[in-house]
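[1] Have a look at this prediction, sequence included:
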Amino acid sequence: MDLRRLRYFVAVAEARSVGKAAERLRMAQPPLSVQIRKLEAEVGAPLFRRGTRGMDLTEAGQALLVRASEALALAADGIEAARAVASGRRGRLSVGYMFVLANAMLPRLIPELRRSVPGVDLDFAELSASTREARVLDRSVTVALCMPAINHPEIQVARIGAQRLMLAMPTSSPLARLSSVPMARLHGRPLIALPHPDHGPASSAVVPLLRRHQVVMPIASRVETVHSAMSLVLAGEGFAILPACAQLGAPRGIVFRPLRDATDSLDIAVCWRRDAQSPLIRTFLKCAERVVAGL
């Protein structure tokens, strides 16, 4: 049924006059009368009868009025909902994040997002080096906070900051007494390594760092996540070279020290599908940039 015709019907029912309804609708009276007759033909029953005070609704007309008003209200709500989603005022934003960034960013980012888009439903999912690319590509997350950026032709990347690489070690290590650790002191010490550059973060920056300083660190273990690396460091299995923000989630018994004569860092990036159309992505990006600026 034509919603426009329902709107004409409701106007006549409320005004109890075709002439007054035509004035309210800013149209001529004859075309309005034609539309009411077509609606009656579609329903198969008269909707109005002439009374002493104007147009009265028949029983069929009364039944239709309730539902026609509901239909018009639902249509208006639907249009407003669509406009709100299209403008980024409503909708759902699924945020993926890597553990290394969780403690540094989420406590500030989540309140920032809720202030910026109070009508948007937010959900959050932890990502790992092996899952982050797939989660973005299959749209199970709208945006991903990554370190470093995902390298894939179908994924758009915005680099919003960087974190300096530092040495994570047990508090019992003699190197922990130093305010900064010379790169040469790492030679021969066991390394808890994160995934290969083709599969994830950290090692893509650590490998050239060690090579440039002619330092060899035998790999004691290769793990997928920063918290796994810190667990092995705490157990005394080796040292890890991690971004500075990782120390916010470090367990007691681990200390971080800057690397002397090395300013290498890892990028913080926001990643999303190139074909994604959600206006919430830009809002998220602005919020994330403000949070990173405060780190």
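    On my side now, so go ahead.

[2] low pLDDT regions in the stretch 101-250 of the chain?
    The model of the stretch 101-250 of the chain has pLDDT under 70 over residues 196-204.

[3] can you give me the helices in it?
    132-137, 203-212, 226-234 (DSSP state H, counting those that start in this stretch).

[4] Mind listing what's buried along the last one?
    Okay, so that is helix 226-234. For helix 226-234, the neighbour count (16 or more other Cβ atoms under 10 Å) marks 226, 228, 229, 230, 232, 233, 234 as buried. Every C-beta, even on glycine, is put in place using the N, C-alpha and C of the backbone.

[5] Now do the contacts for the last one.
    In this case it means residue 234. Going by Cβ atoms under 8 Å, 6 or more residues apart in numbering, residue 234 touches 170, 251, 253, 254.

[6] Show the buried residues in those.
    Applying 16+ other Cβ under 10 Å to these, the neighbour count classes 170, 254 as buried.

[7] these two touch, right, residue 184 and residue 210?
    No. Contact status for residue 184 versus residue 210: not in contact, 11.2 Å apart, counting by Cβ atoms under 8 Å.

[8] Please say which of those two ends up with more neighbours.
    Comparing residue 184 with residue 210 by other Cβ atoms under 10 Å, the one with more neighbours is residue 210, at 18 against 11.

[9] I'd guessed that one sits against residue 216; true?
    Yes. Judged on Cβ under 8 Å, residue 210 makes contact with residue 216 at a distance of 7.1 Å.

[10] ok, which stretches of the protein are strands?
    Secondary structure of the chain (DSSP state E): strands at 48-51, 54-57, 91-98, 120-127, 143-146, 155-170, 181-182, 191-193, 219-222, 240-243, 254-260, 265-273.

[11] how about CSV for these, with distance to residue 292 added?
    Shown next, in CSV, are the strands of the chain (distance: least, Cβ to Cβ, whole Å):
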stretch, distance to residue 292
strand 48-51, 65
strand 54-57, 62
strand 91-98, 13
strand 120-127, 17
strand 143-146, 10
strand 155-170, 4
strand 181-182, 26
strand 191-193, 26
strand 219-222, 28
strand 240-243, 12
strand 254-260, 19
strand 265-273, 6
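
[12] Quick one: closest of those strands to residue 15.
    Each of the strands of the chain was scored for nearness to residue 15 using Cβ to Cβ, and the closest is strand 54-57 (8.0 Å).
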